[in-house]
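K.L.:
structure for this input, please:
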Amino acid sequence: MSEETTPRQVLYALVAGGFLVIVGVLIVGAAAAGLVPIWWTIVTASILLVAAFWTLLNWRRTGPVLLYSIGLFTLWTVGTLILA
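P.N.:
Numbers count the residues shown, from 1 in each chain. The predicted structure follows:
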C-alpha cells in the first residue's frame, strides 16, 4: 500500500535537511578555527553522518526526523560551548 507524500512531509524533510547541513558547516568551521578538540569533531561528524543517512531513509517520518536534526544541532551547540 503506497501513501501519497504530502507537502508538509516534503517541507519538514527540507527543514530537517537544512539543520543537518548547518550542523555540518558548524562542525567543520569549529574544527578549522580550532575551537574544539579533534575528538569532538570526530564524534559529532560521525553522529551527523548517521543522522543524515537515517534521515534519507526515513524522511517521511516528520516527527522523528525533525527531532533528531534539531536535537543534533542542540547537542553540537551545547557541547561546543562547554568545550570551547
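K.L.:
any idea how far the most centrally placed residue in the chain is from Glu3?
P.N.:
Taking CA atoms, centre = their mean, the centroid of the chain lies closest to Leu20, which sits 3.2 Å from it. According to CB to CB, to the nearest Å, Leu20 and Glu3 sit 24 Å apart. Using the backbone N, CA and C atoms, a C-beta is placed for each residue, glycine as well.
K.L.:
roughly how far is the helix or strand hosting Thr80 from the heart of the chain?
P.N.:
Under the criterion of DSSP states H and E, Thr80 resides in helix 62-83. Centroid separation for helix 62-83 versus its chain: 7 Å, with CA atoms, centre = their mean, to the nearest Å.
K.L.:
by contact count, what packs against the host helix or strand of Val28?
P.N.:
Assigned by DSSP H and E, Val28 belongs to helix 7-33. Applying 3 or more CB pairs under 8 Å, 6 or more residues apart in numbering; DSSP states H and E, we find helix 7-33 packed against helix 38-57, helix 62-83.
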